[in-house]
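Trainee: turn this into a model:
(chains A and B)
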2 protein chains.
Amino acid sequence: MSEYVYDPAAAVAFSDEKMIKVNLYESPRLFCDVYCLKPGQTQRPHDHAENDKIYHGLTGTCHVQIGEAVIPLPAGSVAVAPAGVVHGVENKSDENATLLVIMAPHPRLSA
Amino acid sequence: MSEYVYDPAAAVAFSDEKMIKVNLYESPRLFCDVYCLKPGQTQRPHDHAENDKIYHGLTGTCHVQIGEAVIPLPAGSVAVAPAGVVHGVENKSDENATLLVIMAPHPRLSA
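Mentor: Numbering: from 1, shown residues only, chains lettered A, B, ... in the order given. Predicted coordinates:
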């Protein structure tokens, strides 16, 4: 396997305690994580003044909140939270769910 | 459908002439495209001095070149071309293929 290739499915890890973020790649320009949510787990709504976030549904279905809207995000769909727009995630389903999440620029490494 | 949600599968468009890029979202911070490649179509190797590019296999299998490595990228896998590293894509298979492609920052809008 090349150093440049990642398998999100192999990176998945769940916890009974909270949503798990597994980082695949990061630089000052972006991070690429896998978010792993058991039923009922959430990332509370928050915002980033200067960073866009992309959610891409991988398995299961999470609901994403972006601004006022709360939207089911089935596997294969993409949602974007532009900079400054409140966003969060909740797994309201009965099944585990995973998301590929990209944020640019990296909120910590670009500071 | 929320203004913040995109369906890559619905955006897919192929051409006999060349690989098609369909933009889903763009800002100075990033772009998110769907690349659509018929068998034999390519994006020739090139690089960007200050931009990272993520490839996420959606359907079919493309080969991505990143640096010296040429790697099959099946649906579900992720490859990252860090800034300054040569990268390209080729559909060497007998089936159509699609990729979700994110670049950050946006090479034109961030200039």
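Trainee: what's the distance between A:G76 and chain B?
Mentor: Using Cβ to the nearest Cβ, to the nearest Å, we find A:G76 at a distance of 6 Å from chain B. Just so you know, the C-beta spots here come from the backbone N, C-alpha and C atoms, and that holds for glycine as well.
Trainee: just read off the phi/psi values of the residue of chain A found nearest chain B.
Mentor: The nearest approach of chain A to chain B comes at A:A104, 3.4 Å away (Cβ to the nearest Cβ). Torsion angles at A:A104 (phi, psi; degrees, to the nearest 10) stand at phi -140, psi 140.
Trainee: A:A9 now?
Mentor: phi -60, psi -30.
Trainee: what's near enough to touch the residue nearest to it when sequence neighbours are not counted?
Mentor: The shortest distance from A:A9 to any residue other than its chain neighbours is 6.0 Å, reached at B:G76 (Cβ to Cβ, 6 or more residues apart in numbering or on different chains). Neighbour list for B:G76: A:D7, A:P8, A:A9, A:L58, B:H56, B:G57 [criterion: Cβ atoms under 8 Å, 6 or more residues apart in numbering or on different chains].
Trainee: element containing A:H63, please.
Mentor: strand A:61-66 (DSSP states H and E).
Trainee: now whichever helix or strand comes after that strand against strand A:61-66, angle please.
Mentor: Using DSSP H and E, the next helix or strand after strand A:61-66 towards the C-terminus is strand A:69-74. With axes from the mean of the first three to the mean of the last three Cα atoms, to 10 degrees as the basis, strand A:69-74 and strand A:61-66 are set at 150 degrees to each other.
Trainee: so what's A:L99 up against?
Mentor: Taking Cβ under 8 Å, 6+ apart as the test, what A:L99 contacts is A:V34, A:Y35, A:L37, A:Y55, A:H56, A:G57, A:L58, A:C62, A:L73, A:V89.
Trainee: inside strands: which ones of the contacts of B:G76?
Mentor: A:L58, B:H56, B:G57 (DSSP state E).
Trainee: may I ask which of those residues has the most neighbours?
Mentor: B:H56 (24 neighbours; other Cβ atoms under 10 Å in any protein chain shown).
Trainee: for it, which non-adjacent residue is closest in space?
Mentor: Closest to B:H56 by Cβ to Cβ, 6+ apart is B:L100, at 4.2 Å.
Trainee: the strand or helix carrying the one you found vs strand B:61-66, what angle?
Mentor: For B:L100, the host element (DSSP H and E) is strand B:97-104. Using the same axes, to 10 degrees, the inter-axis angle of strand B:97-104 relative to strand B:61-66 is 30 degrees.
Trainee: quick one: distance of strand B:97-104 to the chain centre.
Mentor: Centroid separation for strand B:97-104 versus its chain: 3 Å, with Cα atoms, centre = their mean, to the nearest Å.
Trainee: three-state assignment of the residue nearest to A:A9?
Mentor: coil (DSSP: H, G, I helix; E, B strand; the rest coil).
Trainee: residue contacts, the residue lying closest to A:T59 once chain neighbours are set aside?
Mentor: Leaving aside its chain neighbours, A:T59 sits nearest to A:T98 (4.7 Å; criterion: Cβ to Cβ, 6+ apart). Residues in contact with A:T98 (Cβ under 8 Å, 6+ apart) are A:P8, A:V12, A:V34, A:Y35, A:C36, A:L37, A:L58, A:T59, A:G60.
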